[in-house]
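J.: Return a 3D structure for these sequence lines:
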Amino acid sequence: GRARRAGLTWPLPETLTDDDLELLLFPAAPSVPDHERPVPDWSVVDTELRRPGVTRALLWEEYRAAHPLGFGYAWFCEHYEAWKGRVRPSMRQTH
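T.: Residues are numbered from 1 along each chain as shown. All right, here's what the predicted structure looks like:
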């Protein structure tokens with residue numbers, strides 16, 4: 001699939017080096033400044049997660065479908081956890 005998207009056909013041109021082939025098959029991710037990436041509404045994410053069958057992965061996939069250049073899954077989970085810790089702090093009580 002990557003070769004087709006890169007416009008490569010078999011046999012490969014002999015002038016094509018391994019480095020060039022790698023760049024064609026695995027192009028660098030677009031550089032988008034953080035301030036241009038939309039941050040999800042964490043209260044909506046939190047509400048949606050309470051519904052049966054809704055997972056973080058599902059919500060992240062919806063976020064990326066709406067914003068293709070948005071943040072990755074690890075960022076999504078990390079910042080949701082940070083938000084949740086600020087909104088609903090809890091302290092363990094030892095008895």
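
J.: So, low pLDDT: which residues of this structure?
T.: 29-32, 34 (pLDDT under 70).

J.: one more time with 80, if that's ok
T.: 2, 27-36, 88-92 (pLDDT under 80).

J.: Spell out, range by range, the helices that occur in the protein.
T.: 2-6, 18-25, 42-49, 56-66, 73-87 (DSSP state H).

J.: Arg5 versus the spatially most central residue of the chain, what's the distance?
T.: Nearest to the geometric centre of the chain sits Gly72, at 2.1 Å (C-alpha atoms, centre = their mean). To Arg5, Gly72 is 21 Å away according to C-beta to C-beta, to the nearest Å. Where C-beta positions appear, they are placed from N, C-alpha and C, glycine not excepted.

J.: ditto for Ser90
T.: Ser90 is 47 Å from Arg5, by C-beta to C-beta.

J.: Between those two, which is the more surrounded one?
T.: Using other C-beta atoms under 10 Å as the criterion, Ser90 and Arg5 rank with Arg5 on top: 10 against 6.

J.: got the contact list for that one?
T.: Counting by C-beta atoms under 8 Å, 6 or more residues apart in numbering, Arg5 touches no other residue.

J.: Please report the distance of it from Pro68.
T.: 15 Å.

J.: next one: Arg37
T.: Relative to Pro68, and taking C-beta to C-beta, Arg37 is found at 10 Å.

J.: Show me which of these two is the more surrounded one.
T.: Arg37 (12 against 8).
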